[in-house]
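Visitor: Quick check, what structure comes out for this input:
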Amino acid sequence: MTIVHTLAHAFAPWQSEYSDSKVVSTAVTGVHLLALLFAGGLAVAADRATLLALRGSPGDRRRQLAALRDVHGPVLVALALLFGSGVLLAAADVETFASSPLFWGKLALVALLLANGLVLQRTETALRHATDAELAPTSLWRRLRFSTWCSLALWATTTLAGAALVGAA
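Guide: Below you'll find the model as predicted:
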C-alpha cells in the first residue's frame, strides 16, 4: 500500500463527512475563502501602502514601517486558518490532490509566499530598529521594495493556482 493510499484510508471518515454534508463542506470552503480574503487583502493593502511610502518622505516610510508591524499578527492568524482549512480540503480528496501537479505547484507557491513574508518581516524589523530609518542602508530599502513586489505577485499567482485547482478537480 502506497503512502497516498494509506493517507486516503486514514482520512476516509473525513472524506465521507465532507462529501455527505453540505454544511461541513460549505463551512470548510467558507473558512478557506474568508481566510484568503483577510490574509491576502491585508497583505496586498500593506504592499500597496509600502510601495507608496517608498516613493514618499522619510516620515511616510517611518509610519509605514509601524503599520507593517501592526499588520503581521492579523495576517498570521488568517494564514493559520487558511492552512488549517486547506489541509481539511486536501484531506477530503487525498488521491486527487496528491496526484495533481497543480496542487504541488500551489504548495510550492505557498512556501515561496511564506518565505517571502519572513524576508519582508525581517527587513521591516531591521529598518524599524535602525537609529534613523531614512539613514538605514539603501540595500534594506531595496530589499523591502523587491519583497513587496514579490508578495503582490505571489498572492496573485497562489490565488490563481487555487482557482485552477478547483476548476481541475
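Visitor: next structured bit after the helix or strand harbouring residue 122?
Guide: According to DSSP states H and E, residue 122 maps onto helix 101-129. Following helix 101-129 in sequence order, the next helix or strand is helix 138-168 (DSSP H and E).
Visitor: Just name whatever secondary elements that following helix is in contact with.
Guide: Helix 138-168 is packed against helix 22-54, helix 101-129, with contacts defined by 3 or more C-beta pairs under 8 Å, 6 or more residues apart in numbering; DSSP states H and E. For the C-beta atoms, the positions are set from N, CA and C on the backbone; glycine is no exception.
Visitor: Off-centre distance for the longest one?
Guide: If you compare the mean C-alpha spot of helix 22-54 with that of the full chain, they lie 8 Å apart, counting by C-alpha atoms, centre = their mean, to the nearest Å.
Visitor: before we move on, the earlier item: for the helices and strands packed on helix 138-168, give me CSV that also has mean pLDDT.
Guide: As requested, the helices and strands packed on helix 138-168 are exported to CSV (pLDDT from 0 to 100):
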stretch, mean pLDDT
helix 22-54, 97
helix 101-129, 94
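Visitor: do you know which of those lies nearest residue 155?
Guide: Residue 155 lies closest, by C-beta to C-beta, to one member of the helices and strands packed on helix 138-168: helix 22-54, at 4.9 Å.
Visitor: Output the contacting helices and strands for the closest one.
Guide: Secondary-structure packing of helix 22-54 (3+ C-beta pairs under 8 Å, 6+ apart): helix 12-20, helix 58-91, helix 138-168.
Visitor: Nearest to residue 47 among these would be which one?
Guide: Counting by C-beta to C-beta, residue 47 lies closest to helix 138-168 out of the helices and strands packed on helix 22-54; the figure is 4.9 Å.
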